[in-house]
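Visitor: sequence first, predicted coordinates after that:
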Amino acid sequence: MRHRVKPVVLLCAVAGTVALAACGAKTNSSSTSSGSSTAAKGGKQGGSLTVVLNSGYDGAWPAGLDPVTNTNGAANQSLMNSIYGQLIELHEGGKLVPGLASAFKFSNGGKTFTLTIRPGVKFSDGTPFTAQVVADHINKVLKSPCTCRPTWPVKTVKASGDDVVIDFAAVYAPAAASFIDSNANWVPSPTAFKKLGERKFRVMPVGAGPFTVVSDKLSSQIVLKRNPTYFKKGRPFLDQLTFKSIGGDEAAYQALQAGQAQAYENLSTPSLIDQMKKDPKLQVTQQLSTSPYNIQLNTNAPPFNNPKAREAIYYATDSEAIRSKLFQNRYPSTQGFTAPGGLFFSADVPGYRTYDLAKAKALVKELGGLKTQLGTINVLVAKQTTQALASQWAQAGIKTDIKSYDLGPLIQAFQSKKWTAMLQTAGSYDPAAGVGVAFRYASQSPFSGVHDKKLDAMLGQAAGTLDQGQRKTLYDQAAKYMNDKAYSPFLFAFAPASAAAKGVTGPGLTTALTAVVVTPSILYDEVSMGGGGSA
């Protein structure tokens, strides 16, 4: 059964132990769980873990950690999950697992999605975690200013006994997957919010997750301690969990070497990855990608409102050279918006324009020259990639001004609509969720440079189809159409690595997880120090 829906736009802001099959891991329309995680076995109780995070991405939370107002929410997954827990979790093998919801299912031909809230759960302040509280939260975040809010084709969200019933205006296939990278998944205590007030709650949030907040210095350091009332028996293993903001991969490595930290998320510098793998005190785990690097072109303004200018970028881009030389072949090539770690992966797109310097030069000459600005996130490998692209484009006669942004200013640059080209990632576990294809290319998205009603309809049809095989066919067709229009060159399926001190174990740190946005959602309730005590 297929119905058209508007493509969903979710944020980020921004990798299962096995690669997923061609259509990706199956997501059941009905799923239940006892609440005891199977992601890690043999963990030991106790210990204090310090994790360093990149200040240019996940190590910044300037607006605090209220799910409604944290505009960096999807990048702050580890902090949010640790405090609030999750209604639905993404585990190893790309499996969606009930968390604070004990079950979820479709009904009404895919137009209704029901979450059954786990009985007996309480927030860490003792407030009951009920279906009504969850429904109220979801209705609140649907109107929130945060770019990580869900923009479902929703009619109503209501509580009915222990169930939260979400009625959609049309079939919405990625309903479960859309929770794992949106602020609907993080439910705050209404009692604490009322008691503290919005301003104080942002700094000292209260949830039903595995940890509670001890202290919080915004975008600097947050100290958490074990929540003794957490619903998973025997979890978390850690007594204390501290997140510190740090200036990047090199600084993180120095902190790990000095024993100032025992883990680092989102390691992306190839030379450091190789160096850290040789360090006998460390263990490095490569995550599974769902988010290919892509060159977004603003087709609504010069020069890329001209298809020939867009084609010139395609032909001037030697993605294989960047993948092999800068990244030492560590990431697979892809010509579309899917990647091996997620659903519906296809590496090749029929008729894709590959590197051809002669054609690029001819188009630039025909255009009378070509100038562009190329922006990206303020992360070392992203900046290195833009420098490599600018060098390649110069050989074709394209003049490029490079600019890098921290996440907040990057969002503002998109929203200003004055950008020209951006090196970004486009992808998610499910293409219709998160920083997926609609986020980057649907007409209504503020982060899109494309306004094409036909593409909107194609993406909407794919999101409104429950059959996984049909969805893959529809996404393959959308990828071909995007290439036919020369909307956006794709490069390779990037994913970061994680680094941890020997003795630390846990999914996402020492075993690979499928990325939720660009990075995996590490399950810190399953992370263990091995023998207790600090590493």
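Guide: Arrived safely.
Visitor: tell me where the model's unsure across this protein.
Guide: Scanning the chain for pLDDT under 70 picks out the ranges 1-42, 531-535.
Visitor: show me the domain layout of it.
Guide: For the chain, automatic domain parsing gives the domain ranges 43-286+495-526, 291-494.
Visitor: make TSV out of those domains and add mean neighbour count.
Guide: In short, each C-beta sits where N, CA and C put it, glycine included. As requested, the domains of the chain are arranged in TSV below (neighbours: other C-beta atoms under 10 Å):
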stretch	mean neighbour count
domain 43-286+495-526	21
domain 291-494	20
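Visitor: what are the boundaries of the strands in the stretch 401-535 of the chain?
Guide: Remark: strands assigned in the stretch 401-535 of the chain by DSSP state E, counting those that start in this stretch are 421-425, 490-494, 497-501.
Visitor: adjacent strands (with direction) for the last one?
Guide: Pairing partners of strand 497-501, with direction, according to DSSP bridges: strand 263-267 (antiparallel), strand 282-286 (antiparallel).
Visitor: do the same with the first one
Guide: Under the criterion DSSP bridges, strand 421-425 sits next to strand 291-297 (antiparallel), strand 370-377 (parallel) in its sheet.
Visitor: so how far is the longest one from its chain's centroid?
Guide: On the basis of C-alpha atoms, centre = their mean, to the nearest Å, the separation between the geometric centre of strand 370-377 and that of its chain is 23 Å.
Visitor: what segments of the stretch 151-300 of the chain are strands?
Guide: Under DSSP E, counting those that start in this stretch, the stretch 151-300 of the chain gives strands at 154-160, 163-168, 211-217, 221-226, 240-246, 263-267, 282-286, 291-297.
Visitor: save these as a markdown table, and put in distance to Met482 too.
Guide: Output for the strands of the stretch 151-300 of the chain, formatted as a markdown table (distance: least, C-beta to C-beta, whole Å):
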| stretch | distance to Met482 |
| --- | --- |
| strand 154-160 | 27 |
| strand 163-168 | 26 |
| strand 211-217 | 42 |
| strand 221-226 | 40 |
| strand 240-246 | 36 |
| strand 263-267 | 28 |
| strand 282-286 | 28 |
| strand 291-297 | 10 |
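Visitor: picking up where we left off before, got the strands of the stretch 401-535 of the chain as TSV, with distance to Gln287 columns?
Guide: Shown next, in TSV, are these (distance: least, C-beta to C-beta, whole Å):
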stretch	distance to Gln287
strand 421-425	13
strand 490-494	10
strand 497-501	6
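Visitor: tell me which of these lies nearest to Lys195.
Guide: Closest to Lys195 of the strands of the stretch 401-535 of the chain, according to C-beta to C-beta: strand 497-501, at 36.4 Å.
Visitor: show me how far the closest one is from its chain's centre.
Guide: On C-alpha atoms, centre = their mean, the centre of strand 497-501 falls 18 Å from that of its chain.
Visitor: show me the contact partners of it.
Guide: 252-253, 256, 259, 262-268, 273, 276, 281-287, 506, 508-510, 520, 522, 535 (C-beta atoms under 8 Å, 6 or more residues apart in numbering).
Visitor: at 6 Å instead, please
Guide: 262-265, 267, 273, 276, 282-286, 509-510, 535 (C-beta atoms under 6 Å, 6 or more residues apart in numbering).
Visitor: over to stretch 56-74?
Guide: Residues contacting stretch 56-74 (C-beta under 6 Å, 6+ apart): 11-13, 53, 75-76, 79, 140-141, 144, 146, 148, 181, 183, 186, 201-203, 205, 218-219, 245, 378-379, 406-407, 517.
Visitor: distance between the ends of it?
Guide: 14 Å (C-alpha to C-alpha, to the nearest Å).
Visitor: contacts only, for Ala255.
Guide: Per C-beta under 6 Å, 6+ apart, neighbours of Ala255: 52, 261.
Visitor: rerun that using 7 Å as the cut-off
Guide: 52, 246, 261 (C-beta atoms under 7 Å, 6 or more residues apart in numbering).
Visitor: format these as CSV; extra columns: distance to Gln412.
Guide: Below are the contacts of Ala255 laid out as CSV (distance: C-beta to C-beta, whole Å):
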residue, distance to Gln412
Val52, 26
Ile246, 24
Ala261, 31
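Visitor: now, which of the residues you listed sits nearest Gly469?
Guide: Val52 (42.5 Å).
Visitor: regarding the closest one, what is its secondary structure?
Guide: Following DSSP: H, G, I helix; E, B strand; the rest coil, we place Val52 in the strand state.
Visitor: which residues does it bridge with?
Guide: Lys244, Tyr264.
Visitor: how close does it get to Gln262?
Guide: 9 Å (C-beta to C-beta, to the nearest Å).
Visitor: please apply the same query to Lys281.
Guide: 10 Å.
Visitor: repeat for Ser528
Guide: 11 Å.
Visitor: Lys143 sits in which helix or strand?
Guide: For Lys143, there is no host helix or strand (DSSP states H and E).
Visitor: and the closest residue to it other than its chain neighbours, what element?
Guide: Among residues not flanking Lys143 along the chain, Arg149 sits closest, at 7.9 Å (C-beta to C-beta, 6 or more residues apart in numbering). Here Arg149, judged by DSSP H and E, is contained in no helix and no strand.
Visitor: who's in contact with Arg149?
Guide: Residues near Arg149 by C-beta under 7 Å, 6+ apart: 141-142, 182-183.
Visitor: which of these sits closest to Gly197?
Guide: Nearest member of these to Gly197, counting by C-beta to C-beta, is Val141, at 18.5 Å.
Visitor: wait, what's in contact with that closest one?
Guide: Val141 neighbours (C-beta under 7 Å, 6+ apart): 67-68, 149, 183-184.
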